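S.K.: Give me a 3D structure for the following:
(chains A, B, C and D)
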Protein chains: 2
Amino acid sequence: MTTQDKPPIGRPRSFDADEALRRAMLVFWEQGYEGASLADLTGAMGITKTSMYAAFGNKEQLFRKALALYDEGPASYGPRAWAEPTAAKVAAAILNGAVQATTDPDCPPGCLGVQGSLAAGELGLPARELLVEWRNAARRALEKRFQRAVDEHDLPPSANPARLARYVMTVAFGIAVEAASGASRDELQEVADAALSTWPELQRPQ
Amino acid sequence: MTTQDKPPIGRPRSFDADEALRRAMLVFWEQGYEGASLADLTGAMGITKTSMYAAFGNKEQLFRKALALYDEGPASYGPRAWAEPTAAKVAAAILNGAVQATTDPDCPPGCLGVQGSLAAGELGLPARELLVEWRNAARRALEKRFQRAVDEHDLPPSANPARLARYVMTVAFGIAVEAASGASRDELQEVADAALSTWPELQRPQ
DNA sequence: TTATTTAGGTACCGATCGGTACTAAATGAA
DNA sequence: TTCATTTAGTACCGATCGGTACCTAAATAA
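M.R.: Sure thing, here's the model as predicted:
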């Protein structure tokens, strides 16, 4: 999804926009939307404010693009998990992926979608609502996947896809909070294993 | 824990400091530490900046006092839970309490200790670390309680207090995130029930 | 009364916030 | 070269940030 299609007509930009966006994503990840100032962002991106505004619009649009990059990068374990063949494997892939992503030593601890903005003042309200929708969209997608599992008789007819999805997402979000509080990868893997092993409907196949 | 002991020597203050602190707590709860500006806070408290500084010190100390009030108010279900007679009841009290506290219609959704500051810029770093410690202290207290349950043969010797405590806290924190995303009390109660009902070690007595 | 002590309000501080003119520099097209 | 087009850097904008000096108001103690 790089952006290298236009024939350069004017002065070429002297920085890699994709790399700059990636660095901005890391700053948002670590400091949240409101906590990341333009000075923090442009400093990490290695460009000036004017270059950032020319390339990305403004702070909010930069955040949206950073979230999109996060979605297709560190958070891409989500859609991959939905493609697993059974509900049990879907749930395992989600929680294992959450543990890995929130404790990646090369990235800030936690989840951008969770700690990016749970609370915000007036200026940060759009970002807050954006992430609320991001989290709810993930939960609805998982619910849909579990519904399919019921339809396919992978899960018993008595299973409740909405409740199951909310439980899995709750554990995943809790893992993100714990990671931001300093929990180690091993400790969180234990939590994920526990959440999976104790759920009868989710441990049939494997 | 009111503050009415000093004999008044000068001009008496014209506002209720306890009530003002309670309102400040609600603002921090809803907007987080960095998202709550002094104007937001003093506006809700009904006092001027100078009165706030005279009565509470500065913004960070106000936050500390608001967190202490939160701890002995909305979050007091924690210590109460530790006093339950069995590990199963302790875990149930924690999760049920978390559901109630994060979805109280008279308070902002979510948990001040979680969304108050998961991410922060440099200015908000002390508050962030304060809440990290707050969350970890709660988890350690629960671990200690579960260890006691093992010692008392309430939990089997094979039980792992640290892992059990981290699991329960993870679900509790996840509930807070879901509440901040708009989940209803009923939906979260289902999650809490699910987390409790599927954990074999936690459903012995009741 | 007078002195003392504390609270409240105005008006302001320097710093930083997100955002933007304005100009110089670098390219392709003519 | 000349021109059009785009980027980069400087310097600045008004607004807001957390915090404070200063003066007045209101109470008690003498």
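
S.K.: I'd say A:S117 and A:A36 touch.
M.R.: No - using Cβ atoms under 8 Å, A:S117 is not in contact with A:A36, being 10.4 Å away. Where C-beta positions appear, they are placed from N, C-alpha and C, glycine not excepted.

S.K.: between the two, which one's more packed in?
M.R.: A:S117 (29 against 25; other Cβ atoms under 10 Å in any protein chain shown).

S.K.: And the more buried one, how far from chain B?
M.R.: As for A:S117, its distance to chain B is 8 Å (criterion: Cβ to the nearest Cβ, to the nearest Å).

S.K.: Let me know the pLDDT of the closest residue to A:I47 other than its chain neighbours.
M.R.: Using Cβ to Cβ, 6 or more residues apart in numbering or on different chains and skipping the chain neighbours, the partner closest in space to A:I47 is A:F15 (5.3 Å). pLDDT for A:F15: 96.

S.K.: give me the low-pLDDT residue ranges for chain A?
M.R.: Residues of chain A that meet the criterion pLDDT under 70 lie in A:1-7, A:200, A:202-206.

S.K.: DNA strand C contacts on chain A?
M.R.: Contacts of chain A with DNA strand C, taken as Cβ under 7 Å from any atom of the strand, map to A:7-12, A:36-40, A:49-50, A:53, A:58-60, A:123.

S.K.: Mark which of those residues are part of helices, please.
M.R.: Counting by DSSP state H, the residues of chain A next to DNA strand C place A:L38, A:A39, A:D40, A:K49, A:T50, A:Y53, A:K59, A:E60 in helices.

S.K.: Mind giving me the ChimeraX select for those, buried ones only?
M.R.: Buried residues within these, by 16 or more other Cβ atoms under 10 Å in any protein chain shown, are selected in ChimeraX with:
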select /A:40,59
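
S.K.: Output those of the ones in helices among the residues of chain A next to DNA strand C also counted as contacts of DNA strand D.
M.R.: Within those, those near DNA strand D by Cβ under 7 Å from any atom of the strand are A:K49, A:T50.

S.K.: who's in contact with the closest residue to A:S184 other than its chain neighbours?
M.R.: Once flanking residues are discounted, A:S184 sits nearest to A:T103: 6.9 Å by Cβ to Cβ, 6+ apart. By Cβ atoms under 8 Å, 6 or more residues apart in numbering or on different chains, the contact set of A:T103 is A:P109, A:A179, A:A183, A:S184, A:R185, A:L188.

S.K.: And the strands in chain A?
M.R.: Assigned by DSSP state E, the strands in chain A number zero.

S.K.: DNA strand C versus the residue nearest to the spatial centre of chain A, what's the distance?
M.R.: Taking Cα atoms, centre = their mean as the criterion, A:A75 is the residue nearest the geometric centre of chain A, at 4.0 Å. Using Cβ to the nearest atom of the strand, to the nearest Å, A:A75 is found at 23 Å from DNA strand C.

S.K.: Check the spacing between that residue and DNA strand D real quick.
M.R.: On the measure of Cβ to the nearest atom of the strand, A:A75 and DNA strand D end up 28 Å apart.

S.K.: Does that residue touch A:A101 like I think?
M.R.: Yes - with contact defined as Cβ under 8 Å, A:A75 reaches A:A101; the gap is 6.6 Å.

S.K.: Mutual contacts of these two, please.
M.R.: Counting by Cβ under 8 Å, 6+ apart, the shared contacts of A:A75 and A:A101 are A:C111.

S.K.: Report the contact partners of the residue nearest to A:I47.
M.R.: A:M45, A:G46, A:I47, A:S51.

S.K.: Point me to the residue of chain A nearest DNA strand D.
M.R.: Closest approach of chain A to DNA strand D (Cβ to the nearest atom of the strand) occurs at A:G10, with a separation of 2.0 Å.

S.K.: Fine by me, thanks again.
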